[in-house]
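In: Provided below are the primary sequence and the corresponding predicted coordinates.
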Amino acid sequence: MSDDPATSTEYLDPAHNDNLEYLLHGRDWDTVIDHYATPPGGTTTGPPVVVEDGDVRKGFGAALETATTGGAPGAYHAVGEHTLPQARILQHTINTLYSADQAQELPKNLATPLAHILTSYTPDTHGIYAESSSRYDIDWDSSGSVWNDKDGAHLAVGHQRLAAVMRGIADDPEAFGHLYGAEQQYSHHVLAGIPQDAGDKTIHDRIVDSSRAMGAYDGVRSDVIFDERFKKTQWAADFNHGLGTSLSTALMFNPVSDLSPVGDLATKTVDVWAYESNKEHVAEANLAATQKNAETYDAGQHDVEHMVRAWANSRGHGIDSDYAQFFVHAGQDQYDFGRNHTLNTLRSDR
């Protein structure tokens, strides 16, 4: 089905059947008999153990990716005009995983396809984290809604639900690096799309939205640092690889709103910013005091600083000018808000 977007979407659309619900939550995926299950230090006892196959859900993940994006699985998906059924499938997936307590520890082999899917919905995830309009500024635990506008279909789910799924994806650091790279690029587009004659309020609001959204993504990364399951330096190295490969695909998407592509100058600016950001993340991963680092998260603050200064410079203001610094400080304040809000929701029951 993943070779046929229309069929995948029709098959998984929760408005017409329960197939998606069954595959996410109802099906028993244990299909392989392990004849050699042994207790620690003991010999084989009892009946064979039925476990999940290593390739479990790979076909489902591929069909889910196609059904929600209209593109081939494993590809980077342009942000385009999603249909209502596509957005509805993704919304139902997020809500089902969350309600079944599977979001923060995703079922095997769903992290990568979900990361690819969510890059295609970056304007929506950006809006949810930024709380940038009444469409997205909904209750933190809301199941949300889907709707249409001139750019196609969109979804909104509660902040906590989206963050929980992203935290599940972050168990695969490279997959989460792709997501983070998409947000970096989209935040750059949000700033690059500010009209030349915009007033200070419009500029301030766009910078606040982008900074708050970036903070939310870093709240997910902070939770990984707090989680003792991970070798943090290795996680950060794999994350940086995912981030680097996402950015090396040039601009991953072309937003379909008023934030139009801005050409070679924008590409060069985001490349410089991403290079500086990667240096910060590598340095951060090698810090011995990871607990203290998780509490301050200087690298994320510097990401905001690089982003705002690069934008100010592109508009003819010096990177160290009072004008640039004013917006840097505004952005960093809201970065802290977004990061702490997300981290608090993820750790509320830990």
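Out: Everything's here; your move.
In: quick one: contacts for the residue nearest to the spatial centre of the chain?
Out: The chain has Leu179 as the residue nearest its centroid, 4.1 Å off, counting by Cα atoms, centre = their mean. Residues counted as contacts of Leu179 (Cβ atoms under 8 Å, 6 or more residues apart in numbering) are Ala115, Leu118, Thr119, Met166, Ile169, Tyr217. Backbone N, C-alpha and C define where each C-beta goes, glycine included.
In: Let's verify His154: helix, strand, or coil?
Out: Assigned with DSSP: H, G, I helix; E, B strand; the rest coil, His154 falls in the strand class.
In: how many neighbours does the nearest residue to it once chain neighbours are set aside have?
Out: Counting by Cβ to Cβ, 6 or more residues apart in numbering, His154 lies nearest to Asp124, which is 5.1 Å off, once chain neighbours are set aside. Neighbour count for Asp124, taken as other Cβ atoms under 10 Å: 25.
In: Can you give me the distance of Asp124 to Leu106?
Out: Asp124 sits 19 Å away from Leu106, taking Cβ to Cβ, to the nearest Å as the criterion.
In: ok so, going back, out of the contacts of Leu179, which comes closest to Gly300?
Out: Proximity of the contacts of Leu179 to Gly300 (Cβ to Cβ) peaks at Tyr217, which lies at 8.5 Å.
In: Where does the closest one sit, in terms of helix or strand?
Out: Tyr217 belongs to helix 200-226 when assigned by DSSP states H and E.
In: helices or strands up against that helix?
Out: Contact here means 3 or more Cβ pairs under 8 Å, 6 or more residues apart in numbering; DSSP states H and E; on that basis helix 200-226 packs against helix 122-130, helix 159-169, helix 173-192, helix 232-247, helix 290-296, helix 298-314, helix 322-346.
In: can you put those in JSON lines and add distance to Thr93?
Out: Compiled in JSON lines, those are given as follows (distance: least, Cβ to Cβ, whole Å):
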{"stretch": "helix 122-130", "distance to Thr93": "14"}
{"stretch": "helix 159-169", "distance to Thr93": "8"}
{"stretch": "helix 173-192", "distance to Thr93": "15"}
{"stretch": "helix 232-247", "distance to Thr93": "21"}
{"stretch": "helix 290-296", "distance to Thr93": "29"}
{"stretch": "helix 298-314", "distance to Thr93": "28"}
{"stretch": "helix 322-346", "distance to Thr93": "19"}
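In: Out of the ones you listed, which is closest to Asp141?
Out: Nearest of the helices and strands packed on helix 200-226 (Cβ to Cβ): helix 159-169, 5.3 Å.
In: and the closest one, how far from the chain's centre?
Out: Computed by Cα atoms, centre = their mean, to the nearest Å, the chain-centroid distance of helix 159-169 equals 8 Å.
In: That one vs helix 322-346, what angle?
Out: If you take axes from the mean of the first three to the mean of the last three Cα atoms, to 10 degrees, helix 159-169 sits at 80 degrees to helix 322-346.
In: which residues are in contact with helix 159-169?
Out: Under Cβ under 8 Å, 6+ apart, the answer for helix 159-169 is 94-95, 97-98, 102-106, 110-111, 114-115, 118, 125, 128-129, 131, 140-144, 175-176, 179, 216-217, 219-220, 223, 341-342, 345-346.
In: Listing request: residues of the protein with sub-threshold pLDDT.
Out: 32-49, 80, 228-230, 232, 244-297, 348-350 (pLDDT under 70).
In: hmm, 50 instead?
Out: For the chain, the stretches flagged by pLDDT under 50 are 248-266, 289.
In: Not counting residues beside it along the chain, what's closest to Asp18?
Out: Residue nearest to Asp18 in three dimensions, not counting chain neighbours: Gly26, with 7.9 Å by Cβ to Cβ, 6+ apart.
In: Relative to Arg88, how far out is that neighbour?
Out: For Gly26, the distance to Arg88 - Cβ to Cβ - is 19 Å.
In: Perfect, I'm done here.
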